[in-house]
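# Mind folding the following:
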Amino acid sequence: MSKFVLERHHNDKRKWIYPRRRFIALLVVGMLSSCSIADRFAERSVDYNIQAETIKNQNLLNNIIRSAYRKPLQFTDLSTITGQVSVSGAAGFAVPFGGPRAGFIFSPSISASDTPNFTVSVLNTQEFYKGILTPITLQKTYACASGDSNML
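Here you go, the predicted structure:
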């Protein structure tokens with residue numbers, strides 16, 4: 001009878017040790033991975049540059065189409081992009097009132113947010129309109145067509 005009690009006690013102890021180790025390992029992995037989620041600025045910067053290029057190309061095409069139909073032109077520029085990244089985590093335990101058989105309840109949660117803000121400026125200054133209304137010389141047209149950037 002004492003042998004059965006010892007084995008049962010040994011198995012109960014092992015049953016509680018391994019989940020603790022797994023929990024600690026998961027907690028450490030979770031904390032380390034949250035740093036990699038929050039520090040992806042380089043990828044976002046490249047994405048924002050591609051989006052800014054797309055916006056400029058689409059705005060230029062829209063103005064070409066507007067001018068073909070003699071509609072008023074509207075020039076804008078994506079001037080500022082700011083953002084904030086945050087990652088947070090929490091874990092909670094609930095102690096059972098029904099004894100060890102009722103079991104413990106563990107409730108982890110992780111949340112991440114990325115909130116970019118951007119400013120679109122209307123280009124309606126005198127300097128902008130002077131530059132856009134200045135005729136393009138034949139030499140600059142030839143330089144653009146031939147790919148010679150030295151003549152620009």
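# so where do the helices sit in the chain?
Remark: helices assigned in the chain by DSSP state H are 2-38, 41-68, 126-133, 138-146.
# Where among these is average confidence lowest?
Lowest mean pLDDT within the helices of the chain: helix 2-38, at a mean of 56.
# per the record, what domains does this structure have?
By the record's domain assignment, the chain is partitioned as 2-123, 124-152 (automatic domain parsing).
# Ser121: neighbouring residues, count only.
12 (other C-beta atoms under 10 Å). All C-beta atoms are positioned from the backbone trio N, CA, C, and that covers glycine.
# my guess is it meets Phe75, correct?
No. In this structure, Ser121 is not within contact of Phe75 by C-beta atoms under 8 Å, at 9.6 Å.
# what's the distance between the residue nearest to Ile81 when sequence neighbours are not counted and Thr82?
Spatial nearest neighbour of Ile81, chain neighbours left out: Phe118 (4.8 Å); criterion: C-beta to C-beta, 6 or more residues apart in numbering. Phe118 is 8 Å from Thr82, where distance means C-beta to C-beta, to the nearest Å.
# For those two, indicate the residue with more neighbours.
Neighbour totals were compared for Phe118 and Thr82, and Phe118 leads with 14 against 9 (other C-beta under 10 Å).
# and the more buried one, what does it touch?
78, 80-82 (C-beta atoms under 8 Å, 6 or more residues apart in numbering).
# ok, 10 Å please
By C-beta atoms under 10 Å, 6 or more residues apart in numbering, Phe118 lies in contact with 48, 51-52, 55, 78-83.
# In JSON lines, list those residues along with distance to Ser109.
Below are these laid out as JSON lines (distance: C-beta to C-beta, whole Å):
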{"residue": "Tyr48", "distance to Ser109": "29"}
{"residue": "Gln51", "distance to Ser109": "31"}
{"residue": "Ala52", "distance to Ser109": "35"}
{"residue": "Ile55", "distance to Ser109": "36"}
{"residue": "Leu78", "distance to Ser109": "35"}
{"residue": "Ser79", "distance to Ser109": "37"}
{"residue": "Thr80", "distance to Ser109": "33"}
{"residue": "Ile81", "distance to Ser109": "30"}
{"residue": "Thr82", "distance to Ser109": "28"}
{"residue": "Gly83", "distance to Ser109": "23"}
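# Which ChimeraX command selects the buried ones in these?
Buried residues within these, by 16 or more other C-beta atoms under 10 Å, are selected in ChimeraX with:
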select :78
